[in-house]
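**Q** show me how the following folds:
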Amino acid sequence: MRRRALGLTIAAGVAVFLVVLALYLPAAWVSGALPPDVRCRELGGSVWRGECLGLRYGDNALGDATWNFAAGSALTGRLVGDVDVRGSALNVRADVDSSFRGTGELRNVRGNLTLDPAQLGQLPQDKRGTLTMNLGRLAVTDGAPSAIEGTLELRDFRQTGARPLELGSYQVTFDGVASPDAAANAPMIGKLRDLGGPFAVEGTITLAPPRNYIVQGLITGRTAEAERLVREITLGATPDASGRSAFSFEGSY
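**A** A predicted model of the protein is given here:
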């Protein structure tokens, strides 16, 4: 009986130790599990509530990240909590409810990204501006967007270099609903409009799996110089009766 009692005591002690370890597992202990392109100068706190100081993605310095996840949610195979990234180019906060495979939702996504190639090398060298995010919901499937609800705004977009040019400000609004065919990989369509500047724009942005986009609509120049550029963009196509010209371009992200 004494041996049995001793065995139960040891087993209970080990169980408590494992639970405490799981709840307070230092983030630094799992640094090797980060994706190859993600690095932290310093990891602090625990896996569930911690911080990454000096966050880098490839050659890009993003700032400092903090997170706060419910440890109990991991028992159901999910990450539930919030993430916050603060840096000179990127500032964003979001509530997270996702599986470990990267399928789930980001909610209340608020933040801004400064378009500056000196801080984010993948950006065009001659473009500047600020991208503002205000999304109520961003559904993600296997790491790629599958539904978006909210707005994205590109403010003070401009071209620098030998031919500086003000390009205006724009807004895209997504309603969170995929296209009417309701297919599993249906495209997401956002309404595009200008918020002022040299070009009057009205159209759509379509995000199609796996990572393709199509921007199309109608454009008019508000100044003589802007209208001349419209003629270049549309290859001299004849405007409609209201003076608007159709445009379309596509790519991948």
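**Q** from now on I want contacts and neighbour counts done on CA atoms only, so please keep to that.
**A** Will do.
**Q** shaky segments in the protein?
**A** 1-26, 29-33, 178-185 (pLDDT under 70).
**Q** those strands in it, which residues are they?
**A** Counting by DSSP state E, the segments of the chain that form strands are 38-39, 42-45, 49-57, 60-69, 78-86, 90-99, 104-115, 127-141, 144-159, 165-178, 188-194, 199-208, 212-221, 245-252.
**Q** mind putting those strands in JSON lines, distance to Thr234 included?
**A** As requested, those are arranged in JSON lines below (distance: least, Cα to Cα, whole Å):
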{"stretch": "strand 38-39", "distance to Thr234": "41"}
{"stretch": "strand 42-45", "distance to Thr234": "50"}
{"stretch": "strand 49-57", "distance to Thr234": "37"}
{"stretch": "strand 60-69", "distance to Thr234": "35"}
{"stretch": "strand 78-86", "distance to Thr234": "39"}
{"stretch": "strand 90-99", "distance to Thr234": "34"}
{"stretch": "strand 104-115", "distance to Thr234": "26"}
{"stretch": "strand 127-141", "distance to Thr234": "21"}
{"stretch": "strand 144-159", "distance to Thr234": "19"}
{"stretch": "strand 165-178", "distance to Thr234": "16"}
{"stretch": "strand 188-194", "distance to Thr234": "18"}
{"stretch": "strand 199-208", "distance to Thr234": "13"}
{"stretch": "strand 212-221", "distance to Thr234": "9"}
{"stretch": "strand 245-252", "distance to Thr234": "6"}
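**Q** now those as JSON lines including distance to Gly236 and mean neighbour count?
**A** Converted to JSON lines, the strands of the chain look like this (distance: least, Cα to Cα, whole Å; neighbours: other Cα atoms under 10 Å):
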{"stretch": "strand 38-39", "distance to Gly236": "46", "mean neighbour count": "17"}
{"stretch": "strand 42-45", "distance to Gly236": "55", "mean neighbour count": "17"}
{"stretch": "strand 49-57", "distance to Gly236": "42", "mean neighbour count": "19"}
{"stretch": "strand 60-69", "distance to Gly236": "40", "mean neighbour count": "20"}
{"stretch": "strand 78-86", "distance to Gly236": "45", "mean neighbour count": "20"}
{"stretch": "strand 90-99", "distance to Gly236": "39", "mean neighbour count": "20"}
{"stretch": "strand 104-115", "distance to Gly236": "30", "mean neighbour count": "20"}
{"stretch": "strand 127-141", "distance to Gly236": "25", "mean neighbour count": "19"}
{"stretch": "strand 144-159", "distance to Gly236": "22", "mean neighbour count": "20"}
{"stretch": "strand 165-178", "distance to Gly236": "19", "mean neighbour count": "18"}
{"stretch": "strand 188-194", "distance to Gly236": "22", "mean neighbour count": "21"}
{"stretch": "strand 199-208", "distance to Gly236": "16", "mean neighbour count": "20"}
{"stretch": "strand 212-221", "distance to Gly236": "13", "mean neighbour count": "18"}
{"stretch": "strand 245-252", "distance to Gly236": "9", "mean neighbour count": "14"}
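**Q** and these: which comes nearest Ala28?
**A** strand 42-45 (5.3 Å; Cα to Cα).
**Q** who are the packing partners of the closest one?
**A** strand 49-57 (3 or more Cα pairs under 8 Å, 6 or more residues apart in numbering; DSSP states H and E).
**Q** can you list the strands that the strand it packs on pairs with?
**A** As defined by DSSP bridges, the strand partners of strand 49-57 come to strand 38-39 (antiparallel), strand 42-45 (antiparallel), strand 60-69 (antiparallel).
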